[in-house]
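Novice: any chance you could fold what I've pasted below:
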Amino acid sequence: MSFQVTVQPSGRQFSCDEGETILNAAIRAGVGLPYGCKNGACSSCKGKLLDGDITHGAHQEKALPVKEEELGFALFCCATPHSDVTIEAREVAGVGEFPIRKMPVRIAKIDKVANDVIVLSLQLPATERLQYLAGQYVEVLLRDGKRRSYSMANAPYKDELMTLHIRHMPGGLFTDQVFATLKERDILRLEGPLGTFFLREDSDKPMLLLASGTGFAPIKALVEQAVHNQSQRPMTLYWGGRRPQDLYMHALCEEWARTLPNFSYVPVISDALAEDQWSGRSGFVHQAVIADLPDLSAYQVYACGAPIMVESAQRDFVALCKLPEEEFYADSFTSEADLA
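Specialist: Okay, the predicted model is just below:
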C-alpha cells in the first residue's frame, strides 16, 4: 500500500510506501524537502501537516516540542503517513540534481591532523565519480546495517580523491575503527549525496561562514566552490574550538585570508589553557559574530557544527542581528550522544 503526499504551496506530489517516512519518500522521488540529520535531532525537516494522518517515530523533543506537534507541526524525517497527506514545506531547488547511489570506495590515505581528527582520503571507482553539491554529505554503511554521516570536505571539482574529516568519539562504532584498525586500501561502502546544505549561488549577499570543530569540513568545500566559481561575494569565516588544536586546518584558513581578496578569517577559542598561549578571540564562536556584526540583515549565513552552536546561532542571529530566517542555512553534526 502507498499513500499520496502533496506538498504546498508548490503542489508537487509523490507516493510514500506504507511504513516509509515522508522524507525518505521525497528523497526517492527527487523532491527537495529540506533536511539535515535524518534522525529527528536537528529539526531542519520541520514543516506542517495540513491534512491527513501521520505517526512520529523516535525523535528529540527539542526538535519537535509537544506543543508544536499539537499545532500541526511535523518532522518529516520520522513521520510515516497512514493516509494521503498534505504538508506545508519549503522546497529546496537543486537538491535532486544528482542521483543518490551506493558505491564502494578505497581508502587512499589516512592523515591524523589532530589528536582526535583524521582526514580520510577516498578513491572512488573510476567509472562512478560521485556527483554532489559542495556542502552535502555521504553515509558510511556499516556491516550491522547502521550508518554514519560525514560531509565531503572538498568541492566536487577540487581533487580526484574525496575527503572526510572524522573526529574520534571514544566508544563510537565507526570512529573507533577509523582511529584503531582501518588502514590504507581498505574498502568502505558509501551512499550519497545527501543533505540540503550547499552554496546558494543565486545570491550576491555577503556570506558569513560559521563552524565549530569538524563542522569546518563542509564549510571548506563551500569556500573551494565559491573560489572555483570566481565568486566576488565577501566571505567571513568564524571557526570555533575549545582549544587551538581543535582548529586543525588553521594554517589553510590563514592562507585563504592572505590570498583571497574577499575572504576574512576569525578563529575563536572557548577554553584555552595557559599553556596554549592563545592571544586571539575567546568565548563562544557565535557570540563573537554578534559582537562584530550586530546587523546581519544583508547576509547569508552558512553554519555547521555542534547542535548547540547551530541552534544558538540561528536563534540569536534572527532575534538580535536581524538576519532573515530564510537566509540561515545549517548542517547540525549530530552524534549518537545527541540522539540519546
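
Novice: and residue 288, what does it touch?
Specialist: Residue 288 makes contacts with 238, 240, 266, 268, 281, as judged by CB atoms under 8 Å, 6 or more residues apart in numbering. (Glycine included, C-beta is placed from N, CA and C.)

Novice: can you redo these as a markdown table with pLDDT, neighbour count and secondary structure?
Specialist: Output for those, formatted as a markdown table (pLDDT from 0 to 100; neighbours: other CB atoms under 10 Å; DSSP: H, G, I helix; E, B strand; the rest coil):
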| residue | pLDDT | neighbour count | secondary structure |
| --- | --- | --- | --- |
| 238 | 98 | 25 | strand |
| 240 | 98 | 28 | strand |
| 266 | 98 | 18 | strand |
| 268 | 98 | 21 | strand |
| 281 | 96 | 17 | strand |
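
Novice: need the strands for the stretch 51-200 of the chain, in chain order.
Specialist: Counting by DSSP state E, counting those that start in this stretch, one finds strands in the stretch 51-200 of the chain at the ranges 54-56, 73-75, 79-81, 85-88, 101-114, 117-123, 137-141, 147-151, 162-167, 187-194.

Novice: between those strands, which one is closest to residue 64.
Specialist: Of all the strands of the stretch 51-200 of the chain, it is strand 73-75 that lies closest to residue 64, at 4.9 Å by CB to CB.

Novice: return the residues in contact with the nearest residue to residue 55 once chain neighbours are set aside.
Specialist: Nearest residue to residue 55, sequence neighbours excluded (CB to CB, 6 or more residues apart in numbering): residue 80, at 5.5 Å. By CB under 8 Å, 6+ apart, the contact set of residue 80 is 16, 18-22, 54-55, 57.

Novice: cool, residue 7 as well?
Specialist: Going by CB under 8 Å, 6+ apart, the list of residues near residue 7 reads 13-14, 26, 31, 33, 86-89, 91.

Novice: how does it look with 10 Å?
Specialist: 13-14, 22, 26, 31-33, 47, 50, 76, 85-91 (CB atoms under 10 Å, 6 or more residues apart in numbering).

Novice: what is the subsequent helix or strand relative to the helix or strand containing it?
Specialist: Here residue 7, judged by DSSP states H and E, is contained in strand 2-8. Sequence order places strand 13-17 as the next helix or strand after strand 2-8, per DSSP H and E.

Novice: chain center to the next helix or strand after that following strand: distance?
Specialist: Using DSSP H and E, the helix or strand that follows strand 13-17 in sequence is helix 22-29. From the chain centre to the centre of helix 22-29 is a distance of 18 Å (CA atoms, centre = their mean, to the nearest Å).

Novice: just for the protein, where's the confidence low?
Specialist: For the chain, the stretches flagged by pLDDT under 70 are 94-96, 334-340.

Novice: which of the residues in stretch 110-124 are buried?
Specialist: 110, 114, 116-124 (16 or more other CB atoms under 10 Å).

Novice: what's the domain layout of the protein?
Specialist: What automatic domain parsing lists as the domains of the chain is 2-88, 101-194, 207-339.

Novice: between those domains, which one is nearest to residue 200?
Specialist: Of all the domains of the chain, domain 207-339 comes closest under CB to CB, at 6.6 Å.

Novice: tell me how many other residues crowd the residue nearest to residue 201 when sequence neighbours are not counted.
Specialist: Closest residue to residue 201 apart from its sequence neighbours, by CB to CB, 6+ apart: residue 229 at 6.7 Å. By other CB atoms under 10 Å, 14 other residues sit near residue 229.

Novice: ok, now which ones touch residue 229?
Specialist: For residue 229, counting by CB under 10 Å, 6+ apart, the contacting residues are 134, 155, 157, 199, 201.

Novice: most surrounded residue in those residues?
Specialist: Compared across the contacts of residue 229, residue 134 has the highest neighbour count, 26 neighbours, by other CB under 10 Å.

Novice: give the contact list for that one.
Specialist: Residue 134 touches 151-158, 197-199, 218-226, 228-229, counting by CB under 10 Å, 6+ apart.

Novice: quick check: phi and psi on it?
Specialist: Note on residue 134: backbone dihedrals following degrees, to the nearest 10 are phi -50, psi 130.

Novice: how near is it to residue 212?
Specialist: 19 Å (CB to CB, to the nearest Å).

Novice: the protein: helices as residue ranges?
Specialist: 22-29, 66-70, 175-180, 216-228, 250-259, 285-292, 307-321, 336-339 (DSSP state H).

Novice: format those helices as CSV; extra columns: distance to residue 328.
Specialist: CSV is the format used below for the helices of the chain (distance: least, CB to CB, whole Å):
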stretch, distance to residue 328
helix 22-29, 20
helix 66-70, 18
helix 175-180, 29
helix 216-228, 14
helix 250-259, 22
helix 285-292, 11
helix 307-321, 5
helix 336-339, 20
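
Novice: and those, which is most packed in?
Specialist: helix 216-228 (a mean of 24; mean count of other CB atoms under 10 Å).

Novice: how big is the angle separating that one from strand 137-141?
Specialist: Between helix 216-228 and strand 137-141, the angle comes out at 140 degrees (axes from the mean of the first three to the mean of the last three CA atoms, to 10 degrees).

Novice: and of the contacts of residue 229, the nearest to residue 329?
Specialist: Nearest to residue 329 among these, with distances taken as CB to CB, is residue 199, at 8.8 Å.

Novice: my read: the closest one touches residue 205, true?
Specialist: No. With contact defined as CB atoms under 10 Å, residue 199 does not count as touching residue 205 (11.8 Å).
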